[in-house]
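Trainee: Sharing a model prediction with you, sequence too.
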Amino acid sequence: QFVHLLSIVTCVIAQQSQSAGYSFIFSFKTDSYGEETSWNIKNEMGEVIKAGPLSEYQDSKSYTISDYLDDPNQCYTLTIYDSHGDGICCKKPWPGNYILTVEGEVVASCDCDKFKFEIEHSFGYLCPTEAPTNSPHPTPGPTASHTPTMSAFPTTDTWKPTVFDPANPFSYNRNGDDPKQRKFLEQLYKSANGDSWMTNTNWTDISLSYCWWHGVYCCETYKQLPTIISTTFTCTNEDKFNIVALELDNNRLKNGGIPTELGYLSHLQKLYLNNNDLIGTLPSSIGRLTKLTNAQFHFNKLEGTIPSHLGFLTDMDLLYLYNNDFIGKIPTELGRMTRMKVLGLSENSLTGSIPSEFGNLQMLEMIYLSDNKLTGAIPNEFQSLYYRLDGESKILFNNNLQEEDIYDTRQALIDLIGAERLMDKHRSSSYCDWTGVECCRKQIEPIDVCSNNPGGSVVELNWENLSIRGQIPSSIQVLSALKILQLGNNEITGVPLEITALPYLEKFDLSNNRLSSSLPSWNAPFVNLDTLILKNNFLTGTIPEEIKFSTLLQDLDLSNNDMTGNALEVISELSLSKLDISSNKFSGSIPTTVGQLSFITSMRMSYNQFNGTIPEYFGRCKQLRKVDLSNNLLEGEFPKGMFQLSNLEYFDLSQNKLFKGTVPYDFWDISYLRENKESLKTFETKVTYGSKEDFYDGIGMDDDMTRQSGASILNIHVGVFLTVTFCFLSVR
């Protein structure tokens, strides 16, 4: 009785244990195509009681489902699906895995050989002992939100191509087609409105192999009809009856997307779907086309993000995705495509920065990223490669990149040169590569202005002899980093006030133009201005007083204009080295402050209306080498201060009013004047010098030299004033 009672108690305890149900943990990691994975748990009646995913699984990510099954009198079945048919286990380069634990005991794990489209594992106290099953013709189980798209297709192992008869090319009927590849084509025809294609020859012939459909090329048929294909590819024995090229560009594919079954074209080498109206996303299954070398999807309406799975295509050398509606960041995985030569991603809505992984694309010859929303700088890892490319091979403008084109800067340059004179090659290249344009990013040696400005900032603009017409546009102020602006020999007629908003400007050259108004007042000083050349124009008015704030100005050339006023009163406070204001209408006396120009070496003031005497303070300009005061209204005694200019090389006081006084011997005993007689110009002056012999001796010339020169050394002219002309010509 005791034994019977013990048996009953043991049975009750077992029943209670079973009535507690099962706790299970299903842990798995997706492979590189997470969206292809799904699973469910069914009871003995085939009812789905657990399933996933609730939303699409991510690539190469781990998930854990820990739950409780409360009916102990059931045999449950876990089914895991892979819609592509290659399982998730052991796949390279990033395989997935799974493990099922029930009540702390591992009951199932990855099986590389058996898991293709689906695999089943049964568990429970009442389950019979049997090995996991894998259906060669699987049927997808229901899931919460995901049903495998390709589970109705047989695996690759079940397809055997028919023998091709070279004597009868069309003997290759549909019986030789890979059903998975054929399914993709059928899906594409259906989704992209195939009946309306420009050319759809044989696509509706259900008896004919897809190798004879328009735009579909297999190695075997290519050998028979080599003239019908516009591209070449490599054929191996395994490619013999597979699709190696698909050319449907410019064929009116519209209102449909690219089917996810694209990944079944695993032997594809060339894919041309460009210039159509395809919509939807670019399926991540494209990453399975590991033989693909050339893919063109440009000029469609594809959207969503660029799939990172493209990084698996390491043989790719050309990828065109431009002129679509892609968003999001550029996948860093594109940096794995190390054989890439041409990459086109322009005219989308891509954001973020350029991946530093692009530095791995050492075979790159062209890259197009313009007209997106990219930000940041050119990555250090990519710079050496990027700057190695020529201008037309790297197009990044119309973004917000720190190292490249700035939209407002580009527009300001177009405003200046005129859109009608912009060449086609300029429209499709960075302005930093235009002739005459220097940007921060092209500077070999770092310069101060570039430390606080992006690489696309223009620092030098040399646009001479380009027939630029009209007024300089006010948008010139956008070029705020400009250091050198040379616009000589054009047809420019005006300078806007905004020109003074260029704080770094050092050299400004507008010579030989048609400037006809007065210079604008400096509303902000050119504090860094070193050179200002405005010669050979039609400028009027006076020199703006604000020029005195340009304390670094060294070279000022306003010659051959119609400017008025007393120029020297304004500019004598500067530290000029060269001054040329000849051939204007400047007037007034030469101020004593001229002596403050202690660094000046050349002073040309001829053909003006300066009057009065020459101040003695000229002698303080110790660096003077060249002086031309001819053709003015100057008068009075010969300036004694000039006797102190020991560096003088050129001196012209001709065509002035009467000068009087004595020119001392010391003035002519300047070594350069004595050795270079051709530097002495005509003096119209009334002076006392002494005897002719003394004069010859003073300048180092004897009678023989006079006779050899054939020049008249002393000429006397009679006019309104009695003048004595000393003329020194070249000595033969």
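Mentor: Structure's in. What do you need? Numbering: from 1, shown residues only.
Trainee: Would you map the helices across the stretch 351-500 of the chain?
Mentor: Ranges of helices within the stretch 351-500 of the chain are 380-388, 407-417, 424-427, based on DSSP state H, counting those that start in this stretch.
Trainee: Hmm, I typed the wrong one, I wanted the chain.
Mentor: Applying DSSP state H to the chain gives helices spanning 2-19, 179-191, 219-224, 380-388, 407-417, 424-427, 567-571, 665-668, 671-675, 692-699, 703-709.
Trainee: Mind checking the pLDDT average for stretch 23-43?
Mentor: Averaging pLDDT along stretch 23-43 yields 85.
Trainee: now swap in stretch 192-199 and tell me
Mentor: pLDDT averaged over stretch 192-199 gives 94.
Trainee: How about that stretch, which residues are buried there?
Mentor: By neighbour count on 16 or more other Cβ atoms under 10 Å, the buried set for stretch 192-199 is 192, 194, 197. Any C-beta I mention is one placed from the backbone N, CA and C, and that applies to glycine too.
Trainee: Nearest to residue 69, out of those residues: which one, please.
Mentor: Using Cβ to Cβ, residue 192 comes nearest to residue 69 of these, at 45.4 Å.
Trainee: ok, now which ones touch that closest one?
Mentor: By Cβ atoms under 8 Å, 6 or more residues apart in numbering, the contact set of residue 192 is 253-257, 276, 278.
Trainee: In strands, which of those residues fall?
Mentor: In strands, judged by DSSP state E, none of the contacts of residue 192 are found.
Trainee: Of the buried residues of stretch 192-199, which is the nearest to residue 597?
Mentor: Distance to residue 597, by Cβ to Cβ, is smallest for residue 192 among these, at 79.0 Å.
Trainee: so what's residue 355 closest to, chain neighbours aside?
Mentor: In this structure, residue 355 finds its nearest non-sequential neighbour in residue 332, 4.4 Å apart by Cβ to Cβ, 6 or more residues apart in numbering.
Trainee: what does residue 456 give?
Mentor: Among residues not flanking residue 456 along the chain, residue 406 sits closest, at 4.5 Å (Cβ to Cβ, 6+ apart).
Trainee: Contact partners for the one you found?
Mentor: So residue 406 contacts 400, 454, 456-457 (Cβ under 8 Å, 6+ apart).
Trainee: All the strands of the stretch 1-150 of the chain, residue numbers only.
Mentor: According to DSSP state E, counting those that start in this stretch, the stretch 1-150 of the chain carries its strands in the segments 22-29, 37-42, 48-52, 62-69, 76-82, 97-102, 105-109, 118-123.
Trainee: packing partners for the second one?
Mentor: If you count contacts as 3 or more Cβ pairs under 8 Å, 6 or more residues apart in numbering; DSSP states H and E, strand 37-42 packs onto strand 22-29, strand 48-52, strand 76-82.
Trainee: Apply 10 Å and report the result again.
Mentor: Applying 3 or more Cβ pairs under 10 Å, 6 or more residues apart in numbering; DSSP states H and E, we find strand 37-42 packed against strand 22-29, strand 48-52, strand 62-69, strand 76-82, strand 97-102, strand 118-123.
Trainee: strands paired with that strand, and their directions?
Mentor: strand 48-52 (antiparallel), strand 76-82 (antiparallel) (DSSP bridges).
Trainee: Using PDB, write out every CA atom in that strand.
Mentor: Once non-C-alpha atoms are left out, strand 37-42 reads as follows in PDB (Å, rounded to 0.1, in the frame of the first residue of the first chain):
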ATOM      1  CA  THR A  37      14.400  36.700 -41.100                       C
ATOM      2  CA  SER A  38      11.200  35.800 -39.400                       C
ATOM      3  CA  TRP A  39       9.900  33.000 -37.000                       C
ATOM      4  CA  ASN A  40       6.900  31.600 -35.300                       C
ATOM      5  CA  ILE A  41       5.900  29.000 -32.700                       C
ATOM      6  CA  LYS A  42       2.900  26.800 -33.300                       C
END
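Trainee: how much does that strand deviate in direction from strand 97-102?
Mentor: Angle between the axes of strand 37-42 and strand 97-102 is 20 degrees (criterion: axes from the mean of the first three to the mean of the last three Cα atoms, to 10 degrees).
Trainee: Check the first one too.
Mentor: Between strand 22-29 and strand 97-102, the angle formed by their directions is 170 degrees, by the same axes, to 10 degrees.
Trainee: that older thread, CSV for the helices and strands packed on strand 37-42, including mean neighbour count and distance to residue 604?
Mentor: Shown next, in CSV, are these (neighbours: other Cβ atoms under 10 Å; distance: least, Cβ to Cβ, whole Å):
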stretch, mean neighbour count, distance to residue 604
strand 22-29, 19, 83
strand 48-52, 17, 89
strand 62-69, 13, 82
strand 76-82, 23, 87
strand 97-102, 19, 87
strand 118-123, 22, 94
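Trainee: Which one of those strands lies nearest to residue 388?
Mentor: Comparing the helices and strands packed on strand 37-42 by Cβ to Cβ, strand 22-29 comes nearest, at 40.4 Å.
Trainee: Pull up the pairing partners for the closest one, direction included.
Mentor: Going by DSSP bridges, the partners of strand 22-29 are strand 62-69 (antiparallel), strand 97-102 (antiparallel).
Trainee: got the CA coordinates for the longest one in PDB?
Mentor: Written as PDB, here are the backbone C-alpha positions of strand 62-69 (Å, rounded to 0.1, in the frame of the first residue of the first chain):
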ATOM      1  CA  SER A  62      21.200  40.100 -31.700                       C
ATOM      2  CA  TYR A  63      17.700  39.600 -30.300                       C
ATOM      3  CA  THR A  64      16.300  37.600 -27.400                       C
ATOM      4  CA  ILE A  65      12.800  36.400 -26.900                       C
ATOM      5  CA  SER A  66      12.100  35.100 -23.400                       C
ATOM      6  CA  ASP A  67       8.600  33.800 -22.700                       C
ATOM      7  CA  TYR A  68       6.400  31.200 -21.100                       C
ATOM      8  CA  LEU A  69       4.200  28.500 -22.700                       C
END
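Trainee: Now do it against strand 118-123, angle only.
Mentor: Using the same axes, to 10 degrees: strand 62-69 against strand 118-123 is 40 degrees.
Trainee: picking that back up, adding mean neighbour count, distance to residue 435 and mean pLDDT, write the helices of the stretch 351-500 of the chain out as TSV.
Mentor: Formatted as TSV, those follow (neighbours: other Cβ atoms under 10 Å; distance: least, Cβ to Cβ, whole Å; pLDDT from 0 to 100):
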stretch	mean neighbour count	distance to residue 435	mean pLDDT
helix 380-388	15	17	78
helix 407-417	18	11	86
helix 424-427	12	9	62
